[in-house]
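Trainee: The following block contains a protein sequence and its predicted model.
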Amino acid sequence: MATPEAATPVIRVLRTFSDIDQAAWDGCANPPGEAFNPFVSHAFLSSLEESGSAAPEAGWYPQHLVLEAGDGSVLGAAPCYAKSNSQGEYVFDHGWAEAWHRAGGHYYPKLQISVPFTPATGPRLLVPPGPGRATRRLQLAAGVIELTRRMEASSAHITFLEEDEARLLQAPQWLARLDTQFHWLNLGYDSFDAFLSSLASRKRKMIRKERAKVAEEGLTIQQLTGADITEAHWDAFFDFYMDTGGRKWGRPYLTRKFFSLVGERMANHILLVMVTRAGRPIAGALNFIGSEALYGRNWGAVEHHDFLHFEACYYQAIDYAIAHRLPRVEAGAQGPHKLARGYQPVATRSAHHIVDPGFARAVADYLARERRAVGEDQLYLGEHTPFRHEGGS
């Protein structure tokens, strides 16, 4: 007779992170011995939910999946949301929604397996390493498809997933999508000057000129983490975030409460770059610290100073990564201008399940063309990095 532990695992759907023990979630999201990713932690995801940033009132309806053994122990999990729009995702499917509506269909609701407002690659089918890991990830993926069916949703989207997860999710059930980000890679530099020495002369001079221009502005730049970050800092940063985010996107996604919650729960995993002029805070950049990367997330300013964005977001991040021997800096979505500043093109991945067979074929054809274009673009960008070529200066 089978023991409860040997019984077929079951999937539960949770409507809130308060329904799962933090240690059980984090044991799947960031198991011991694996690289720590701050964004899939219970602290980060629950802060988004409790602050009203990623919650039903903001259009994010939690449908988190938990894979349980017969004895109730947690074998795996996935952050999942029902969505009635495509805001805050950074893998753009607005064209798909419009096409399906023109054809008489309803694209929303859809399911989104992701970290809201966070275009950073990380695990999405959260299963600790060990025998059966691939099987349990596939069981979670099958649970996503079943939930899509039960909710009569048009589709499910697993975005910014890791390469080994993407390889598991095969057509025709899952359609692969590629995109490009720009990451700075730490090749063992012992200083910012050592990094600059790897660049072509013209790019070295450009970066030195940009940093010197900021230094001449009489600004004070601080790198804050842990207990050094106060509520006064969050008040100032939220003002920056709302001002810049409102002008750039129209409606910033994160609430003021979110910053207090992550500041309380994740202070040692936060790097806040604060800029002041004559004692007055004028700009800031928010980063999260993983074991393998520094992740640039949000920037804002209430004064314009030439090149300050590059200094606060890119060069300060490189300084920190070098000092703390982090392998890379991920500076978020978009931004070919990062290439000239030593950031290199890397692929990001997503997987998409489309319920309607005809619509799925149309999306598959589109994605095949898009993948070719992305691949060609990455080859081109890779040939135009700012690094010295053999024999160059």
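Mentor: Everything's here; your move.

Trainee: Spell out the residue ranges of the strands in this structure.
Mentor: Assigned by DSSP state E, the strands in the chain fall at 10-14, 60-62, 64-68, 74-78, 80-83, 110-113, 155-159, 175-185, 219-224, 270-277, 280-289, 293-301, 328-330, 344-354.

Trainee: Would you confirm that W96 contacts G105?
Mentor: No - look at W96 against G105 with Cβ atoms under 8 Å: they stay out of range, at 10.4 Å. In this view, the C-beta of every residue, glycine as well, is placed from N, C-alpha and C.

Trainee: which of these two has more neighbours?
Mentor: Under the neighbour definition other Cβ atoms under 10 Å, W96 and G105 were set side by side, and W96 has more, 21 against 14.

Trainee: The more buried one - nearest residue in space that isn't next to it in sequence?
Mentor: Residue nearest to W96 in three dimensions, not counting chain neighbours: V363, with 6.3 Å by Cβ to Cβ, 6 or more residues apart in numbering.

Trainee: Just give me the neighbour total for the one you found.
Mentor: As a burial measure, V363 scores 22 neighbours (other Cβ under 10 Å).

Trainee: OK, contacts around it?
Mentor: By Cβ atoms under 8 Å, 6 or more residues apart in numbering, the residues touching V363 are 96, 175, 352, 354.

Trainee: what's the answer for L199, then?
Mentor: Each residue near L199 by Cβ under 8 Å, 6+ apart is listed here: 207, 342, 386-388.

Trainee: For the chain, which residues score under the pLDDT cut-off?
Mentor: Low-confidence segments of the chain (pLDDT under 70): 1-7, 245-250, 389-393.

Trainee: Now with 90, please.
Mentor: The chain contains residues with pLDDT under 90 at 1-8, 57, 243-252, 332-338, 340, 381-393.

Trainee: State the phi and psi torsions of the most centrally placed residue in it.
Mentor: Nearest to the mean C-alpha position of the chain, counting by Cα atoms, centre = their mean, stands A120 at 2.1 Å. Main-chain dihedrals, A120, degrees, to the nearest 10: phi -130, psi 130.

Trainee: Okay, it and P9: tell me how far apart.
Mentor: 29 Å (Cβ to Cβ, to the nearest Å).

Trainee: What of I158?
Mentor: 19 Å.

Trainee: And P109, by the same measure?
Mentor: Distance of P109 to P9, given as Cβ to Cβ: 26 Å.

Trainee: swap in Y90?
Mentor: Using Cβ to Cβ, we find Y90 at a distance of 31 Å from P9.

Trainee: Repeat that for A212.
Mentor: Distance of A212 to P9, computed by Cβ to Cβ: 59 Å.

Trainee: neighbour-wise, which of these two wins?
Mentor: P9 (20 against 10).
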